[in-house]
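> coordinates only, sequence not included:
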């Protein structure tokens, strides 16, 4: 037979746009998860620092589960659990919820070590100057602790950005999933994967460099 | 809630899952060892006088650290497959995890080496040790102590991330669970059991690493 059916279509310029949009979705879910996770993580970190024994054990035990079970399992478990419970959520939301809890479990450790980095004498000094507990937290602990742990926080944020690729498992179409869709259509596996990798690199590398630049400047 | 939890298939296939957990452990330990070893060399390459070695090490580190592990797995499985290099799933996971670990460990080693005063190397050299002797007997043991904690974290992380082997067709713990799930469609029950197994593995690994650390580094800090 002379004619053959064309199964795959070629890679086009519009496909680059498709990947670009998917990269924005990766960015979107990461930003939401990192923001929510950081807020809760700082609260958890404060509880780990200031709470009594019982609070510390409960909070740490809870967060430890999310650090000791693979993220992919957490996602699948949560996704199937809410389906069982009868409240199925869109993939974006179940992905965001799990990513946020995961982020907060990592940020909690960072926040706690940030508070621990402020010498107790400094905090006592601020209290004896008449500052309230919260004034001490806001004007003394926050600026000093933030400087100590900002690089670790950026590290957490970058790892969440990269781990957001796993949300594709429960069906959210982000950068890596989009590249798989393109591969299925064009069979240009190597090229498409290389472009997806470049997109991830372009998202992550500038943040990593900026962080190490700030770290160096602060050390001077 | 109309759902009936059904745990029996999970208990029946528990031996299979535990066997798969051994593959998870095996892959994690090998890639951690390989990654640490390669990472040490990359760290040396980065400080090398040859621009090519520096460039090679820098590219490796930035690529390993700035792309998702899942992407790296896909690249070694499907990307390499597309240009004719077909690698078995087991080795794909090994290669990708070692590649990733080497990148992170190289940075850890760099931090560790920076923390050792340069006078130590000069002292060792002036005692008549060669460069490699002084590295082996004086510098690296101190570096190991500094990076032992980040290394433990990296090891736990490798165990957890080896679960992505499922997505490139390796039947480690998660892959096996996926397979068993596809026979019964009991996603929640199977993955809950897997989560428990991972938690236990992570805790045991942490315990073993702490024990080794205690044996290696006891004595004055």
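Noted; the coordinates are in hand. Computed from a predicted model, the values in this text were never measured in an experiment.

> Please make it C-alpha for all contacts and neighbour counts, starting now.
Will do.

> and the longest helix for the chain?
Defaulting to chain A. Ordering each helix of chain A by length in residues (DSSP state H) puts helix A:13-50 first.

> could you do chain B instead?
For chain B, the longest helix by residue count, based on DSSP H, is helix B:14-46.

> Flag every buried residue along whichever helix or strand comes after that helix.
Once the chain leaves helix B:14-46, the next helix or strand it forms, by DSSP states H and E, is helix B:51-66. When burial is assessed from 16 or more other Cα atoms under 10 Å in any protein chain shown, helix B:51-66 yields the following buried residues: B:53-54, B:57-58, B:60-66.

> Next, name the residue at the spatial heart of chain A.
Note on chain A: the residue nearest the mean C-alpha position is residue A:160, at 2.6 Å, using Cα atoms, centre = their mean.

> what sits against it?
A:30, A:34, A:99, A:103 (Cα atoms under 8 Å, 6 or more residues apart in numbering or on different chains).

> swap in residue B:90?
Taking Cα under 8 Å, 6+ apart as the test, what residue B:90 contacts is B:27, B:170.

> ok, now how distant is it from residue B:19?
Relative to residue B:19, residue B:90 is positioned 15 Å away (Cα to Cα, to the nearest Å).

> ok, which stretches of chain A are helices?
Counting by DSSP H, the segments of chain A that form helices are A:13-50, A:53-68, A:71-85, A:91-116, A:120-128, A:133-136, A:142-163, A:175-186, A:189-219.

> near chain B, which residues of chain A show up?
A:65, A:68-74, A:76-77, A:80-81, A:84-86, A:162-163, A:165-166, A:176, A:188-190, A:193, A:197, A:200-201, A:204-205 (Cα under 8 Å from any Cα of the partner chain).

> tally of neighbours for residue A:128?
Around residue A:128 sit 10 other residues, with neighbours defined as other Cα atoms under 10 Å in any protein chain shown.

> State the distance from it to residue A:121.
Shown here: residue A:128 relative to residue A:121, a distance of 10 Å by Cα to Cα.

> repeat for residue B:6
If you measure residue B:6 against residue A:121 using Cα to Cα, the figure is 57 Å.

> For those two, indicate the residue with more neighbours.
Set side by side, residue B:6 and residue A:121 show unequal neighbour counts under other Cα under 10 Å, the larger going to residue B:6 at 12 against 9.

> give the contact list for the more buried one.
When the contact criterion is Cα under 8 Å, 6+ apart, the partners of residue B:6 are B:186, B:189.

> And residue A:11, its phi and psi?
Main-chain dihedrals, residue A:11, degrees, to the nearest 10: phi -70, psi 130.

> and the longest helix of chain B, which residues are buried?
Per 16+ other Cα under 10 Å, helix B:14-46 contains these buried residues: B:14, B:17-18, B:20-21, B:23-25, B:27-29, B:31-32, B:34-40, B:42-46.

> Stretch B:196-208 too?
In terms of neighbour count (16+ other Cα under 10 Å), stretch B:196-208 has its buried residues at B:197-199, B:201-202, B:205-206.

> Quick check: of those residues, which lies closest to residue A:143?
Comparing the buried residues of stretch B:196-208 against residue A:143 with Cα to Cα picks out residue B:206 as the nearest, at 33.1 Å.

> ok, the closest one to residue B:156 distance?
The spacing between residue B:206 and residue B:156, counted by Cα to Cα, is 7 Å.

> Please apply the same query to residue A:181.
Between residue A:181 and residue B:156 the computed distance is 32 Å (Cα to Cα).

> Residue A:93 too?
Computed with Cα to Cα, the distance linking residue A:93 and residue B:156 is 27 Å.

> Looking at the two, which one has more neighbours?
When residue A:93 and residue B:156 are compared for neighbours, residue B:156 comes out ahead with 22 against 15, by other Cα under 10 Å.

> Find the nearest non-adjacent residue to that one, please.
The spatially closest residue to residue B:156, leaving aside those adjacent along the chain, is residue B:202, at 6.1 Å (Cα to Cα, 6 or more residues apart in numbering or on different chains).

> What is the host helix or strand of that neighbour packed up against?
Secondary structure assignment for residue B:202, by DSSP H and E: helix B:187-217. On a contact count with 3 or more Cα pairs under 8 Å, 6 or more residues apart in numbering or on different chains; DSSP states H and E, helix B:187-217 meets helix A:53-68, helix A:71-85, helix B:8-12, helix B:140-161, helix B:173-184.

> got the angle for it vs helix A:71-85?
With axes from the mean of the first three to the mean of the last three Cα atoms, to 10 degrees as the basis, helix B:187-217 and helix A:71-85 are set at 150 degrees to each other.

> Please tell me I have it right and residue B:213 contacts residue B:151.
No. Proximity of residue B:213 to residue B:151 does not meet the contact threshold set by Cα atoms under 8 Å, at 10.7 Å.

> tell me the contacts of residue B:145?
residue B:217.

> what about it, distance to chain A?
Residue B:145 sits 20 Å away from chain A when distances are taken as Cα to the nearest Cα, to the nearest Å.

> Tell me the pLDDT of that residue.
Confidence per residue is given as pLDDT, and for residue B:145 that number is 90.

> Repeat that for residue B:48.
Per the predicted model, pLDDT is 89 at residue B:48.

> Show the contacting residues for it.
Residue B:48 makes contact with residue B:54, according to Cα under 8 Å, 6+ apart.

> residues from chain B in reach of chain A?
Residues of chain B found near chain A, taking Cα under 8 Å from any Cα as the criterion, are B:1, B:3, B:62-63, B:66-71, B:74-75, B:78-80, B:82-83, B:156, B:160-161, B:163-164, B:174, B:187-188, B:191-192, B:194-196, B:198-199, B:202-203.

> Make a PyMOL selection of whichever of those turn out to be buried.
Selection command for PyMOL covering only the buried members of the residues of chain B next to chain A, criterion 16+ other Cα under 10 Å:
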select buried, chain B and resi 62+63+66+67+68+69+70+71+74+75+78+79+80+82+156+160+161+163+164+174+187+188+191+192+194+195+198+199+202
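
> any low-confidence regions in chain A?
Applying pLDDT under 70 to chain A flags residues A:1-5.

> ok, now with 90
Low-confidence regions of chain A, defined by pLDDT under 90, span residues A:1-16, A:51, A:83-89, A:147-148, A:151, A:171, A:184-189, A:191, A:211-220.

> returning to that earlier point: Serialize the buried residues of helix B:51-66 to CSV and add fields for pLDDT.
What follows is the buried residues of helix B:51-66, written out as CSV (pLDDT from 0 to 100):
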residue, pLDDT
B:53, 95
B:54, 95
B:57, 96
B:58, 95
B:60, 96
B:61, 95
B:62, 94
B:63, 94
B:64, 95
B:65, 93
B:66, 94
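
> pretty sure residue A:109 is touching residue A:47, no?
No. With contact defined as Cα under 8 Å, residue A:109 and residue A:47 do not form a contacting pair (10.8 Å).
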